[in-house]
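Participant: need a structure here:
(chains A and B)
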Protein chains: 2
Amino acid sequence: MGALHDCHYDLGLENGINLGGCVELDFEQDPQTVVIEDAVKVLLEGLGEDINREGIRKTPLRVAKALREGTRGYNQKVKDVIQGALFPEVGVENGVGQAGGAGGLVLVRDLDLFSYCESCLLPFQVKCHVGYIPSGQRVVGLSKLSRVADIFAKRLQDPQRLADEICLALQHWIKPTGAAVVLHCSHIHFPSFAPGCLDSDHSKWVKVVVGSGSGSFEKDDSAMWVDFLGLLRHKDINLETIHSRTKASCWCPSRSLKTGPSKSGMVAAVGSIIQSLGQDPCRKELMGTPNRFVKWLMSFKDSNLEMELSEFNGIPLRTIGRVNYKEHIKSELNLSLWSLCEHHLLPFYGLVHIGYMSDEEVNPKGKSLLQSIVHFYGFKLQVQERLTRQIAETVAPLLGGDLMVVVEANHTCMISRGIEKFGSNTATIAVLGRFSNDPAARSKFLQSIPSYSL
Amino acid sequence: MGALHDCHYDLGLENGINLGGCVELDFEQDPQTVVIEDAVKVLLEGLGEDINREGIRKTPLRVAKALREGTRGYNQKVKDVIQGALFPEVGVENGVGQAGGAGGLVLVRDLDLFSYCESCLLPFQVKCHVGYIPSGQRVVGLSKLSRVADIFAKRLQDPQRLADEICLALQHWIKPTGAAVVLHCSHIHFPSFAPGCLDSDHSKWVKVVVGSGSGSFEKDDSAMWVDFLGLLRHKDINLETIHSRTKASCWCPSRSLKTGPSKSGMVAAVGSIIQSLGQDPCRKELMGTPNRFVKWLMSFKDSNLEMELSEFNGIPLRTIGRVNYKEHIKSELNLSLWSLCEHHLLPFYGLVHIGYMSDEEVNPKGKSLLQSIVHFYGFKLQVQERLTRQIAETVAPLLGGDLMVVVEANHTCMISRGIEKFGSNTATIAVLGRFSNDPAARSKFLQSIPSYSL
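Facilitator: Numbering: from 1, shown residues only, chains lettered A, B, ... in the order given. Predicted coordinates for the structure are as follows:
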């Protein structure tokens, strides 16, 4: 089992804060880091980027840091976490019963984790519920259940294997009556931008619920699962959904990307990244990963959005909605946004809201154009501040020049690196024309935007 | 400003995972660690504990770790975080407007942080919204706003000073047009257990919303606040609530603890802890802190709960509700729980649910007894597993022996140390009598428990 081998623990990767002086240097000079940096440079050049541009000059180092942090579990030992955290605790003294150090279920719920998808190298989010039934009159410190789960999450993973590995490690090191794990996993699902199919109903997430049990949880029909799932009431899961372990189809949406030749230099570069993380690129599950990652990445270069957008060039203002320069504030809300953070090569996604001054709403063709503009500027290496400005500057001439753009987005880089701020999101504003000098108009538009949640 | 002085960054404290071999040793041998450990031993002895008991033998070291992690911000430099993360970004090109690298508000919302209350040394939770208006055509990496906020949160703090320090540091190092911070802070509020006043309406939290602005946000009536608060719509805050900066009364509930003599040895021990964190115990805000902390801690020893409980000794079963040995499952739900984690000397709090087999509910006097039993076992050094068992064993003879106890609790030690799992909570179960062999009865009871949230 992966968790049980002995490796040293890499301090420099502990949290991702700038570690200052010597440690940072060590990390930068580490051959593994250099391999990843070189590979990322190949990928950036493949995207047609100037790798010396200020904004992305340090992207290779940032990607290397994020990937090594995100896979630090390969160098962590479950034994180190558990030992010293097993405490004697007596059980029920008389009569029939289970509690305390003997048989009473202990369940830590709603641990936020992230992991890296072995099929496409993108991070996925995990809501983890982990429990065990003490035996031998000893209990483990509660935080250790979280730490053990994290050791396996910080690897290239598949949801079911992740659940199995956490479960097996707890069984092995705590030696409880039983251990069980349920994971809610969410994998970002970028839309396909084949010409003419910007699907507005596209779901942002592929979600799966997986479970794993050992000891008294080993059998799916064990009475122990009744208690475990009873404590997850209101989460809409049951034995049937979590125990359908048929792995007929991989959950990763990149599996359904259209196949075709990828640039071999870029594919080889991704292979070298996998190798530098200590993983064998020839392992069955990783065989197609470099190709899939490159296909996904190149969709930010190859998409046909530019062409679609050009169809609208020269369309006069009135065809997307008659704009009169009145004081009425109209808005186009909840345009969907997909983009790629140029600092970390990680997705960000969210909603774009456009406010303008007019008597009339834009017509359906206009709505479609606005969504295309958002996708056009989203589907490239970006920062949210620039994206907001570019949308504003492009849309302004179409909607009369008095414009306010609000972008609300979740950044994968805010959860899948050291800071792990799972609930956070970022809002940016661009204002043009009369909105600039009219706080009341800005306020009115902002109040019209629905509460943000994704 | 505190953030600006130069100190080395302490790697060993980065995350609180067991760091293995030499680093752990260094930390354990560090004179500051030893001072805190010795002080915690004095506190444990003051509570009447055997400091060699297995469960708490390492508590002094764990407390030292948690406190040094929780105040690591004193050794971190804002400069290190910001520099290297300022990126050139052009602003709006033509006409009137603000966006991108020039004047467009950037706001990172809903960052989960924790800080330590300088008035009582307990951690408090912070939901942080931090924003700035770029100038000089450069923007800062989004994660840096979180990291800077964290540097100041990881200190002994007061909400308003925390907001001010984050804001000033951003203004100083990013040199934006303006910077602003809004914090929702929640401080746990233990009930007073004076005899006869177990207040069931007691609120678990003292909450405040504070704000701070610099540059173009400096004036409270600045139009910039319109945008900032507009992006926090649906959070029920406004300029009046956040800008009432009258510090007439400190928010910390320990301020209202009854005064009286504290054990001088324990008070001196807490003073030495504060000093070992590099803080001056004679600083105005810290002057009464050791005394308040000791008073709070001793409430876990001195409360009159034991006496109250003894009043009920020998009360026959029928006086709290006639129990017939039928198949009907009755329940007492949502009994409030307050306790102190013996591994970290940090609060945990939540709800206790008791299921039993009877034809009748317990009467009001019985309800009050059950709540007293929960408080009795809660108000001491505890682990949740033991607490669950003790409640079950004590209640069983009163309710007929067929019993199920579910405890759902949030552990401060799960958020205020390295793992920072803000949304997580822990459920434990004890079952006695016929519940042990009746999964259907257990399931029925579990389904009757309302969804947990605190």
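Participant: and the nearest residue to residue A:265 once chain neighbours are set aside, what's its pLDDT?
Facilitator: Spatially, and ignoring its direct neighbours in sequence, residue A:265 is nearest to residue A:42 (5.7 Å; Cβ to Cβ, 6 or more residues apart in numbering or on different chains). For every residue, glycine as well, the C-beta is placed using N, CA and C. The score at residue A:42 is 97. That number is its pLDDT.
Participant: just checking, residue A:42 touches residue A:264?
Facilitator: No. Assessed by Cβ atoms under 8 Å, residue A:42 is found out of contact with residue A:264, at 10.6 Å.
Participant: more neighbours: which of these two?
Facilitator: In this view residue A:42 and residue A:264 are compared by other Cβ atoms under 10 Å in any protein chain shown, and residue A:42 has more residues nearby, 20 against 11.
Participant: list the buried ones in the helix or strand containing that one?
Facilitator: Of the helices and strands defined by DSSP states H and E, residue A:42 is found in helix A:31-46. For helix A:31-46, burial by neighbour count (16 or more other Cβ atoms under 10 Å in any protein chain shown) applies to A:32-33, A:35-37, A:39-44, A:46.
Participant: likewise stretch A:83-93?
Facilitator: A:85-87, A:89, A:91-92.
Participant: next, the contact list for residue A:389, please.
Facilitator: Applying Cβ atoms under 8 Å, 6 or more residues apart in numbering or on different chains to residue A:389 gives the contacts A:430, B:90-92, B:99-100, B:104.
Participant: check which element follows the helix holding residue A:42 along the chain.
Facilitator: Assigned by DSSP H and E, the successor of helix A:31-46 is helix A:54-57.
Participant: mind checking pLDDT for residue A:226?
Facilitator: 91.
Participant: excluding sequence neighbours, find me the nearest residue to it.
Facilitator: Per Cβ to Cβ, 6+ apart, closest to residue A:226 is residue B:439, 4.3 Å.
Participant: over to residue A:106?
Facilitator: residue B:428 (5.2 Å).
Participant: tally up the residues packed near that neighbour, please.
Facilitator: For residue B:428, the neighbour count with other Cβ under 10 Å is 29.
Participant: now swap in residue A:290 and tell me
Facilitator: Neighbour tally, residue A:290, other Cβ under 10 Å: 24.
Participant: pick out the residue of the stretch 101-250 of chain A closest to chain B.
Facilitator: residue A:230 (3.1 Å; Cβ to the nearest Cβ).
Participant: what is the helix holding residue A:42 packed up against?
Facilitator: helix A:59-70, helix A:264-276, helix A:289-302 (3 or more Cβ pairs under 8 Å, 6 or more residues apart in numbering or on different chains; DSSP states H and E).
Participant: in TSV, list those along with distance to residue A:127 and mean pLDDT.
Facilitator: Below are the helices and strands packed on helix A:31-46 laid out as TSV (distance: least, Cβ to Cβ, whole Å; pLDDT from 0 to 100):
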stretch	distance to residue A:127	mean pLDDT
helix A:59-70	18	95
helix A:264-276	27	96
helix A:289-302	24	90
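Participant: now the residue nearest to residue A:226: how far from residue A:230?
Facilitator: 9 Å (Cβ to Cβ, to the nearest Å).
Participant: who's more crowded, the two?
Facilitator: residue A:230 (21 against 16).
Participant: just the angle between the helix holding residue A:42 and helix A:59-70, please?
Facilitator: Angle, helix A:31-46 to helix A:59-70, by axes from the mean of the first three to the mean of the last three Cα atoms, to 10 degrees: 130 degrees.
Participant: neighbouring contacts of helix A:31-46?
Facilitator: By Cβ under 8 Å, 6+ apart, helix A:31-46 touches A:27, A:51, A:56, A:59-61, A:63-65, A:67-68, A:263, A:265-266, A:268-270, A:272-273, A:275-277, A:294, A:297-298, A:301, A:345.
Participant: where are the low-confidence patches of chain A?
Facilitator: Counting by pLDDT under 70, chain A contains low-confidence ranges at A:1-25, A:94-95, A:193-201, A:243-249, A:258-261, A:302-327.
Participant: tell me the domain ranges of it?
Facilitator: The record's domain parsing of chain A by automatic domain parsing lists A:2-298, A:306-448.
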